[in-house]
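In: Could you work out the structure for the sequence below:
(one chain, ligands or ions: 1)
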Amino acid sequence: MSIRISVIGTGYLGATHAAAMAELGYEVIGVEVNPERLASLSQGHLPFYEPGLDEVLLANVRNGRLRFTSDAAEAAAWADVQFLCVGTPQVAGSDAADMSYAFAAIEALAPHIKQGALLVGKSTVPVGTTHELQRRLLEIAPDRTDVRFAWNPEFLREGFALEDTLHPDRIVIGVSDEADADTLRQVYAPMITEGIPLIVTDVTTAELVKVAANSFLATKISFINAMAEVCEAAGGDVTTLAEAIGHDVRIGSRFLGAGVGFGGGCLPKDIRAFAHRAGEIGAGPAVAFLKEVDLINLRRRERIIELVETEIGSVTGRRIAVLGATFKPDSDDVRDSPALAVSRRLHELGAIVTVHDPKGVENAERALPDVAYTTVVTEALSGAEAVLHLTEWREYRALEPKDVLPLVANPFIVDGRNVLDVALWQNQGWTVRAPGRTL
Ligand code: UDX
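Out: Sure, this is the predicted structure:
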């Protein structure tokens, strides 16, 4: 009999995982507590923007392999493998991860969970979570020693969520029993046959792999942004520096994009939660550098404002166009978005800010209602005394500088992502500034 799969929590991670598992041919049930999200998913509509995922979701809802429910008990009693994909956001006023959704899920599942089911955590969590979940389950249902636990971190990137889920760089499985590894080998068989590396380890290491990977990526970005600060002080060019060091295969050129820094629902909160958890277990000094990684990243947002003020003076009462609201292109996610943080700061300083974004306006308006928004780029540019390119949507690179020049009051642009063709913009009459570069 085919393995039945449940996915508890169908946010970005869970919705993608549920659709991907159904696409692999499994019968899947997704558990969602938010009624709006549930209604949308049940009709096969993705409640967020992710290229290519909506078609797969709809196809699998239509063919009946994928369905959604708000009833955790139903899913718990039905599925053989139960993936825990709930959110672990940052606690307000603390660096710790909020584990309340994970703990609530265990409480909801515990009394009903199928005999011998395997509970597989995928969310990014503080190390020690698997043991804590097991402890809580046994507290509620002391006789349920049959329930198995595993950890299987997810490394998907927004914008590539489906591709990363179906064809990941690696599969990491943390188990305390080889039989549980076999169950997951069976689940992921189509990928394993494709030659995707499989790492089987203990649950603790599996939990740590995820936070270590995200910490490394954040550190790499902050490293190059630290070099941008040095370039600014010394008069160098960080983009050339990044290209030159990136040729060394030991360093590699990816994630060396200097600019306004990283944001999103993962990297910022994950490095904070990791440092917090390391402190709790007596390993604080080992990852104290993550505090510095965070500070370098946040300083880059201020740097964008400095570049504007150096060029046009005080921003109070000045019209500023911000290109991009999302934390990265090909997403509608504005969580901890550097572009929105800069927009908020400009607004606080009294600037008249208009933000353009192709997909993120709705979410951005909710997060920062005080500035103006548009989905028409020429509207944002109209009358602007400074243009800030803060999210590298493809359409911004496609702008013809001479065509948009007549729209603005002052042809001045800050390339906060260091991806525009600076010579082209300059040749067509624009003043260009960029973090980490002397232009
Ligand atoms: C990240 C991890 O990449 C992924 O493996 C994990 O599962 C979730 O967190 P994601 O948040 O989708 O994925 O975004 P990512 O592509 O990693 O970018 C994060 C941030 O870093 C974005 O704001 C991006 O603009 C920024 N970034 C990325 C840079 O500033 N410079 C770079 O060179 C690369």
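In: in stretch 273-288, what counts as buried?
Out: Within stretch 273-288, the residues that count as buried by 16 or more other Cβ atoms under 10 Å are 273, 274, 275, 276, 277, 278, 279, 287. All C-beta atoms are positioned from the backbone trio N, CA, C, and that covers glycine.
In: That should have said stretch 158-178, apologies.
Out: 158-159, 161-162, 164-166, 168, 171-176.
In: how many other residues sit next to residue 155?
Out: Counted with other Cβ atoms under 10 Å, the neighbours of residue 155 add up to 18.
In: In strands, which of the buried residues of stretch 158-178 fall?
Out: 171, 172, 173, 174, 175 (DSSP state E).
In: Nearest to residue 299, out of those: which one, please.
Out: Residue 299 lies nearest to residue 172 out of those, by Cβ to Cβ, at 33.0 Å.
In: Contact residues of this structure facing the ligand?
Out: For the chain, the residues in contact with the ligand (Cβ under 6 Å from any ligand atom) are 155-158, 214, 217, 221, 255-257, 259, 261-264, 266-267, 327-328.
In: next one: phi and psi at residue 131?
Out: With angles defined as degrees, to the nearest 10, residue 131 sits at phi -60, psi -40.
In: before we move on, back to that, in a markdown table: the buried residues of stretch 273-288, plus distance to residue 402.
Out: Listed next are these as a markdown table, based on distance: Cβ to Cβ, whole Å:
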| residue | distance to residue 402 |
| --- | --- |
| 273 | 47 |
| 274 | 47 |
| 275 | 48 |
| 276 | 50 |
| 277 | 52 |
| 278 | 52 |
| 279 | 54 |
| 287 | 49 |
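In: So which of the residues you listed are in helices?
Out: The helices, defined by DSSP state H, take in 273, 274, 275, 276, 277, 278, 279 from the buried residues of stretch 273-288.
In: related to what we said a few turns ago, closest one of the ones in strands among the buried residues of stretch 158-178 to residue 103?
Out: Taking Cβ to Cβ as the measure, residue 103 lies nearest residue 174 of these, at 19.3 Å.
In: That closest one contacts residue 199, doesn't it?
Out: No - assessed by Cβ atoms under 8 Å, residue 174 is found out of contact with residue 199, at 9.1 Å.
In: which helix is the longest one in this structure?
Out: Using DSSP H to define each element, the chain has its longest helix at helix 203-234.
In: after it, next one along is what?
Out: Using DSSP states H and E, the helix or strand that directly follows helix 203-234 along the chain is helix 238-246.
In: can you pull the contacts of residue 324?
Out: Contacts of residue 324 were listed using Cβ atoms under 8 Å, 6 or more residues apart in numbering, and they are 339, 355, 356, 357, 360, 389, 390, 391, 392, 393, 396.
In: typed the wrong thing, it's residue 90
Out: 96, 97, 98, 268, 269, 272, 273.
In: Redo those as TSV? Include pLDDT and secondary structure.
Out: Converted to TSV, those look like this (pLDDT from 0 to 100; DSSP: H, G, I helix; E, B strand; the rest coil):
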residue	pLDDT	secondary structure
96	97	coil
97	96	strand
98	97	coil
268	97	helix
269	97	helix
272	98	helix
273	97	helix
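In: The longest helix of the chain to helix 238-246, inter-axis angle?
Out: 130 degrees (axes from the mean of the first three to the mean of the last three Cα atoms, to 10 degrees).
In: What is helix 203-234 packed up against?
Out: On a contact count with 3 or more Cβ pairs under 8 Å, 6 or more residues apart in numbering; DSSP states H and E, helix 203-234 meets helix 129-140, strand 148-151, strand 171-175, helix 238-246, helix 267-280, helix 289-312.
In: Among the ones you listed, single out whichever gets nearest to residue 59.
Out: For residue 59, the closest of the helices and strands packed on helix 203-234 is strand 171-175, at 23.9 Å, according to Cβ to Cβ.
In: packing partners for that closest one?
Out: strand 148-151, helix 178-187, strand 198-201, helix 203-234.
In: wait, doesn't residue 121 sit right on residue 132?
Out: No - using Cβ under 8 Å as the test, residue 121 is too far from residue 132 to be in contact (10.5 Å).
In: Of the two, give the one with the bigger neighbour count.
Out: Using other Cβ under 10 Å, the more surrounded residue of residue 121 and residue 132 is residue 121, with 28 against 15.
In: State the distance from the more buried one to residue 133.
Out: Residue 121 is 7 Å from residue 133, where distance means Cβ to Cβ, to the nearest Å.
In: Between these two, which contacts overlap?
Out: Common contacts of residue 121 and residue 133 (Cβ under 8 Å, 6+ apart): 84, 102, 149.
In: residues contacting the last one?
Out: Right, residue 149. So residue 149 contacts 118, 119, 120, 121, 130, 133, 134, 176, 180, 203 (Cβ under 8 Å, 6+ apart).
In: Now do stretch 19-35: distance to the chain's middle.
Out: Here stretch 19-35 is found 21 Å from its chain centre; the criterion is Cα atoms, centre = their mean, to the nearest Å.
In: Endpoint to endpoint, it covers what distance?
Out: 19 Å (Cα to Cα, to the nearest Å).
In: in that stretch, what counts as buried?
Out: Buried residues in stretch 19-35 (16+ other Cβ under 10 Å): 19-24, 26-33.
In: I'd like the mean pLDDT over that stretch, please.
Out: Averaging pLDDT along stretch 19-35 gives 97.
In: Pull the residues that contact it.
Out: For stretch 19-35, contacts defined as Cβ under 8 Å, 6+ apart pick out 2-10, 14-15, 18, 38, 41, 53, 56-57, 59-60, 65-72, 74-75, 78-79, 83, 162, 165-166, 187, 190.
In: now, which of the residues you listed lie within strands?
Out: Counted as lying in strands by DSSP E, out of the contacts of stretch 19-35, are 4, 5, 6, 7, 8, 66, 67, 68, 69, 83.
In: Closest to residue 107 out of these?
Out: residue 8 (11.6 Å).
In: Spit out the contact partners of the closest one.
Out: Residue 8 touches 14, 31, 72, 75, 82, 83, 84, 85, 86, 105, 109, counting by Cβ under 8 Å, 6+ apart.
In: Inside helices: which ones of these?
Out: 14, 72, 75, 105, 109.
In: Helix or strand next in line after whichever helix or strand residue 373 is part of, which one?
Out: For residue 373, the host element (DSSP H and E) is strand 372-374. With elements assigned by DSSP H and E, the helix or strand that comes after strand 372-374 is helix 377-381.
In: sorry, back to before: let me have the helices and strands packed on strand 171-175 in a markdown table, adding mean pLDDT as columns.
Out: Formatted as a markdown table, the helices and strands packed on strand 171-175 follow (pLDDT from 0 to 100):
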| stretch | mean pLDDT |
| --- | --- |
| strand 148-151 | 98 |
| helix 178-187 | 97 |
| strand 198-201 | 98 |
| helix 203-234 | 98 |
